[in-house]
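> Pasting a predicted model and its sequence here:
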Amino acid sequence: MSRNNSNESGNKQQEQGRKRRNTEIYLLIYVFVFLMLGVMGHLVYFQQTQRETTINNSYNTRQELLASQNIRGKILSADGEILAQTLVDAQGNETREYPYKELFAHVVGYSTKGKTGVESLGNINLLTSNAFIGEKIQNEIDSTKNYGDSIVTTLNVKLQQTAYDALGVYSGAILVTEAKTGKVLAMVSKPDYDPNQIAQIWEQVINDEKSSVLVNRATQGLYPPGSTFKIVTSLEYFRENGGDVSGYSYQCNGSYRSGQDKISCYHGTSHGSVDFKKSFEKSCNSSYVNIGLSLDLNKLSKTAEELYFNKELPTTLLSGKSSYVLTASDETYDIMQTSIGQGKTQITPLHLNMLTQAIANGGQMMKPYVIDRVENYKGTLIKQYSKSAAGEIMSTEESAFLTELMTGVVERGTASKLSGLSYTAAGKTGSAEFNGVKEDSHAWFTGFAPADDPEICVTIIVEGAGSGGDYAVPIAKRIFDAYFLE
Amino acid sequence: MAHVISDLSKYALVIIMAVYTLECFAVFRHKDEEKRSGIYMRQIICMFLIHFIGFAAICLETSDASYIILYGIQQILLFATIALFRVIYPEANKLIVNNMCMLLSIGFVELTRLSYDKSIRQLKIVAASLVIGLVIPYLISKFAFLRNLTWIYGGIGIAALGTVLIFGAVTHGAKISYSIGGFAFQPSEFIKIVFVFFVAGMLAKAKDFVHILIASGAAALHVIILVGSKDLGSALIYFVVYVSMVFVATRNYLYLLLGVGSGALASVLAYRLFAHVRVRVLAFRDPFGYIDTAGYQIAQSLFAIGTGGWFGMGIYQGQPTAIPFVEEDSIFSAIAEEWGLLFALCLILVCLSCFLMFMNIATKQKDDFYRLVAVGIGVTYIFQIFLTIGGGTRFIPLTGVTLPLVSYGGSSVLSTIIMFAIIEGLYVVRYKEGVWNEQE
């Protein structure tokens, strides 16, 4: 008995000794098992989150493989109108049809001659079929193709039509987004083209460098921001003065002089004695030059970067990169120009719309998106996309301050054509000079409504039309009317 | 109709593979090999089913029945391997044999799908390797003097690697092979094993600082020659294996720290000194930004894995051949594309269970030399898998090494089978020790 016991304890000791001796081997096992689990976790993560954006790459030739198995799916508006569909004739020839022709040209895009717009963003979804398995097996047996999945966009046909008509014969762009989600409701870019005719007009449009018809000006067009940049200048002044602008006043006599350099107010208008709010409402250039020259340029630079200048915009939409290049070492004239949105600063309408949206949304910038959900061809939900925040680019106080300024612009200032309506709008106009000629200016308006509980954000640029108040604001009114009144 | 069957077959493959993988780990519940016999039988059935379904899909998709002959030969070869190991070495670990055959059969199916010619060549080499593999456990258990040839191993290693450095043929920017009688020979694959024996011999003898210094000098020479040949994947494997073995032999955490530290330093130096290292890192960080050049291979690999999804495209339904060097470096991605990511994840787990069995025998060896050999081979095996799968999935920069037993490559498959056989030899050694102890 006792011998047994000692034997057992001897075994135990041996066992423990063996374990101690092998501590290092166990450690190695843990390390390598951990590494391999890392690889596996990474693969699962990739499959769950990065798969679609990865394989939706034009270099992925597997897309053609999918196209040989499935009929490209439909693209629908938010209310189910067909924006793009593939028709198959009796011989099995496929043609892509865009029933609304030019209306959705840039945002929906085209799928032959390369892919753009939603046709590009959702390419993999359109080419993948989530039809019911039994039906797919039947199709295999009959050797016919499956129907690809449909993409339901966030686009609103009525708003798109209103925006499209309102821009009229002008070149330019209009963006309408939902204030709290970042959903794109309408996106117009002109000049446009008929995507049904893309193969026939291809040679002509790619050789026509001047009008660049294929460029989506709403997301990729780079324009001088003009007076809309005063939003940024004001934000910076607010920040540098501890959130109190009540002490500011300026005597405007129609222009600002600094040595040889002179900046005039629009049409040389003399605004008289202005405080901060009135400077913004009347878009007084002289006063803003005065404000700009008082700012810390390094901080202004930092603020601009925080507002996504010189950066890729947080969106899957193919967008241009806005630029802000002013530094402390630049000439005084450059500083004066930049304060009022002239000079070298450039912005895309999408970017300005996102800034506006953040102001309307208490400082929180939402990522704009145009694909709401993916359904199989029978309408069963496959994947739902939802809103996602890009981050807080300004504080609630700052966004409230800017909202107050922008409301003033509508009530008393350059956008007064929007005042006295059943909804209260807020916004900022701009008349961005280009070609260095005073008379040539792009008309800007960016704003939202209702001011106290914003629903939609509208950004408009009308190329070479004139002042924002005269040419862009009436377009905004038509869009707001269509949204709120009809 | 053929499509439907191969479409459905991919689900069957995933389920069978999952069962096989579960059994791999169920093995660890029992200590007794006899109690594991049911598990091993089920595994063999799963293995043959996967092999069969794979070839059935290939025959259906290509409408070519001649693959049946190839299938038959492979089937006989695998069956013979399992049977012979059981008869000759009843004391050997059967999970290791099963896993070896499983990985080989997955490789057979995928290689046949990718390239018929390469599949035939691979089959010949595998057949020869398995014959060699059957002899090795006997040699290991019989000839104790193998442990005393330390400096001969070292000499062979440096000489062989040095020869490649000076006379080797350049393939894809690296000097890794030379031809003997028309057979492209990749010494770094075999010297891996010789290197493990050399280091084990050195460290089993003495563990004082001077001794470690000498061993480190000789090991460093191996690594430097490999870096000189631009065979960075192998250099990294040799290095990690050496550090692991020193750590286990000395039980000194300082050496581990020193090893990891010098490894980090060497990586930074390599990045600064060699343009091809920087290219690899660049391709790792932004494969899609450099998709036309350095990033092409990783991008294609990710396209394959992503397009395949969880259940895969089905055999012959994807485009794995779009990935450069798919049969050698990226076979994992090809499998993920057509057999599905779930299957591929199971494949990783099967490899992991091999590693656990390798390390298991290390913990049970009384003899220091054998213990270190088992650790060395275990780390060589798992770290290579980490490099090839991690590289192809953009977890780490791509180094271009093979997936043992699955990838195409004569040197790789032969050396891996030798490694598996050595481990089986160690199981035989351990068994004999046990019997001897009991008699005492």
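Nice, thanks for sending it over.

> Work out the gap between the helix or strand in which B:V246 is found and the centre of the chain.
Taking DSSP states H and E as the criterion, the element that holds B:V246 is helix B:232-250. Taking C-alpha atoms, centre = their mean, to the nearest Å, one finds helix B:232-250 lying 16 Å from the centre of the chain it belongs to.

> what does chain A have sitting close to chain B?
A:18, A:22-26, A:28-29, A:32-33, A:35-36, A:38-40, A:42-44, A:46-47, A:50-52, A:54-55, A:57, A:59-62, A:65, A:136-137, A:140-141 (C-beta under 8 Å from any C-beta of the partner chain). The C-beta positions use only the backbone N, C-alpha and C, and glycine is treated the same way.

> So how do I select the buried members of those residues in ChimeraX?
Remark: buried members of the residues of chain A next to chain B, expressed as a ChimeraX selection using 16 or more other C-beta atoms under 10 Å in any protein chain shown:
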select /A:22,24,25,28,29,32,35,36,39,40,42,43,46,47,51,52,54,55,57,60,62,65,136,140
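
> residue boundaries of the helices in the stretch 151-300 of chain B?
B:187-205, B:209-228, B:232-250, B:253-273, B:275-285, B:296-308 (DSSP state H, counting those that start in this stretch).

> Revised request: answer the last question for the stretch 1-150 of chain A.
For the stretch 1-150 of chain A, applying DSSP H, counting those that start in this stretch gives helices covering A:2-21, A:23-45, A:51-55, A:62-69, A:105-108, A:117-121, A:123-127, A:133-141.

> In CSV, list these along with mean pLDDT.
Converted to CSV, the helices of the stretch 1-150 of chain A look like this (pLDDT from 0 to 100):
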stretch, mean pLDDT
helix A:2-21, 59
helix A:23-45, 95
helix A:51-55, 85
helix A:62-69, 83
helix A:105-108, 95
helix A:117-121, 93
helix A:123-127, 91
helix A:133-141, 77
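
> Please confirm that B:K366 is located within a helix.
No. Using DSSP: H, G, I helix; E, B strand; the rest coil, the secondary structure at B:K366 is coil, not a helix.

> What separation do you get for it and B:L426?
11 Å (C-beta to C-beta, to the nearest Å).

> ditto for B:I331
Going from B:I331 to B:L426 by C-beta to C-beta gives 28 Å.

> Pull the contacting residues for B:D367.
Under the criterion of C-beta atoms under 8 Å, 6 or more residues apart in numbering or on different chains, the neighbours of B:D367 are B:A204, B:V429.

> Likewise for B:F48?
B:Q75, B:L78.

> what's the answer for A:V213, then?
With C-beta under 8 Å, 6+ apart, A:V213 has these contacts: A:P191, A:D192, A:Y193, A:V205.

> State whether it is indeed within a strand.
No. Under three-state DSSP, A:V213 sits outside any strand and is assigned coil.

> Domains in the chain, by residue range?
Chain wasn't specified; assuming chain A. A:20-54, A:219-369+A:390-484 (automatic domain parsing).

> that's the other chain; I wanted chain B
According to automatic domain parsing, the ranges for chain B are B:2-142+B:278-439, B:149-273.

> Count residues in the vicinity of the closest residue to A:M187 other than its chain neighbours, would you?
Sequence neighbours aside, A:V107 is the residue nearest to A:M187 in space, at 4.2 Å (criterion: C-beta to C-beta, 6 or more residues apart in numbering or on different chains). Neighbours of A:V107 under the rule other C-beta atoms under 10 Å in any protein chain shown: 27.

> tell me the contacts of A:V107?
By C-beta under 8 Å, 6+ apart, the residues touching A:V107 are A:G117, A:V118, A:T153, A:L155, A:V184, A:M187, A:S189, A:N216, A:A218, A:V370.
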